[in-house]
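output the structure for:
(one chain, ligands or ions: 2)
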Amino acid sequence: MTLRHFLRDDDLSPDEQLAVLDVAAELKNSPQGRTPLAGPKGVAVIFEKNSTRTRLSFEVGIAQLGGHPVVVDGRTMQLGREETIEDTARVLSRYVDMVVWRTFAHARIEAMAGAATVPVINALTDEFHPCQVLADLQTIRERFGRLTGLTLTYLGDGANNMAHSLLLGGVTAGMNVRIGAPAGFQPLPWVYDAAKQRAAETGATVEVVHDARAAVDGADVLVTDTWTSMGQENDGKDRVGPFRPFQINEALLAATGTDSIVLHCLPAHRGWEITDEVIDGPASAVWDEAENRLHAQKALITWLIQEGSRG
Ligand code: CP
Ligand code: NVA
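Ligands and ions are numbered 1, 2, ... in the order given. Here you go, the predicted structure:
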């Protein structure tokens, strides 16, 4: 039995990521096509931060796979009253077949995975949002028919979970990933180094660019996200002024010089990181992207169950 977790994007090799994306495409065409959680198997889906898409798509997706989702507000668990993460992991592993967790520091989900005897899926930490990036990759593949060799530019907070996951997940898919971010908001060095290492295996490139127009030049895909992630509301940093040049508006979109598409994991702050004209315009793929959370996560769960049943 091979216990696998999905905590960060490079937990999947390039071949494994492609296999998950193939299953995601298959499940999109055949919503009840596979029921690996039939029985039903229970899945704990725990949130310590707000959520709309992740909560709904996991709950519905697990049900479609034949399983029983148990969605819990982590702040009401004993975890919120100092029961350790490891003890929680040991107990949950006796009840459910998989744990999905949205939490704060990434070290917390590593501790959960370290003590769990069932697969653990990262539903967003401060450092990574890998399920979102699987859905992003599915969306890009649908639009372009491929991923390898495309250029993806992320604009905004280069140190947040989306920037980090796009770096790791993007280069795993063979995409050239540019982070367009103001000085002081570049990716964490250890994440950037991990992305460079994976990029060397797949022939992709990574770079950080502080000029927004240079960052988007020739890009096939533009991605943005909130300038203030959950938990950063009172971190004392100016999270508006330095980001203004990185807003995705019609002028910046035109500056790509290509027929690029635009992604945003949502929720969007219209008029801040993206304008109404762009998010509601022809380049926007955000609604397909949101839908693909459902298919990509079902594919990931299916793949993890298959891995777990290997001899
Ligand atoms: N994109 C995303 O994870 O959305 P939610 O915070 O609504 O789950
Ligand atoms: N970077 C954002 C993503 C929300 C889905 C946050 O962490 O709040």
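
distance-wise, check residue 263 relative to residue 274.
10 Å (CB to CB, to the nearest Å). The C-beta positions use only the backbone N, C-alpha and C, and glycine is treated the same way.

mind checking the SS state of residue 154?
Reduced to three states with DSSP: H, G, I helix; E, B strand; the rest coil, the structure at residue 154 is strand.

pretty sure it contacts residue 178?
Yes: with contact defined as CB atoms under 8 Å, residue 154 and residue 178 form a contacting pair (7.2 Å).

need phi/psi at residue 47.
phi -120, psi 120 (degrees, to the nearest 10).

and for it, the neighbour number?
Neighbour count of residue 47, defined by other CB atoms under 10 Å: 20.

which pLDDT does the model give the closest residue to it other than its chain neighbours?
The shortest distance from residue 47 to any non-neighbouring residue, by CB to CB, 6 or more residues apart in numbering, is to residue 102 (4.7 Å). Note on residue 102: pLDDT of 98.

just residue 311 next, same as before
So residue 311 comes in at 64 (pLDDT).

next: residue 308.
89.

so who does it touch?
Contacts for residue 308 were tallied using CB atoms under 8 Å, 6 or more residues apart in numbering; they are 1-4, 119.

apply 6 Å and report the result again.
residue 1 (CB atoms under 6 Å, 6 or more residues apart in numbering).

how near is it to residue 14?
21 Å.

touching ligand 2 at all, stretch 260-277?
Yes: Stretch 260-277 lies within reach of ligand 2 by CB under 6 Å from any ligand atom, at residue 265.

get me the contact residues on the stretch 101-250 of the chain for ligand 2.
124, 129, 160-162, 225-226, 229-230.

of the residues you listed - the most surrounded one?
Going by other CB under 10 Å, residue 129 tops these with 29 neighbours.

for the nearest residue to that residue once chain neighbours are set aside, which residues are in contact?
Among residues not flanking residue 129 along the chain, residue 161 sits closest, at 4.3 Å (CB to CB, 6+ apart). Residue 161 makes contact with 127-129, according to CB under 6 Å, 6+ apart.

in three-state terms, label residue 226 for me.
Assignment for residue 226 (three-state DSSP): coil.

distance of the nearest residue to it once chain neighbours are set aside relative to residue 240?
Spatial nearest neighbour of residue 226, excluding adjacent residues (CB to CB, 6+ apart): residue 269 at 5.7 Å. Applying CB to CB, the value for residue 269 to residue 240 is 10 Å.

tell me the pLDDT of the closest residue to residue 148 other than its chain neighbours.
In space, and not counting its chain neighbours, residue 148 is closest to residue 174: 3.4 Å by CB to CB, 6+ apart. For residue 174, the pLDDT comes out at 98.

hmm, residue 200 and residue 174 touching each other?
No: using CB atoms under 6 Å as the test, residue 174 is too far from residue 200 to be in contact (11.8 Å).

out of the two, which sits in the busier spot?
More neighbours surround residue 174 than the other of residue 174 and residue 200, with 20 against 12 (other CB under 10 Å).

what's the helix or strand for the more buried one?
Assigned by DSSP states H and E, residue 174 falls within no helix or strand.

so residue 44, which state does it fall into?
Going by three-state DSSP: residue 44 is strand.

you'd agree it is up against residue 96?
Yes: if you go by CB under 6 Å, residue 44 and residue 96 touch, sitting 4.7 Å apart.
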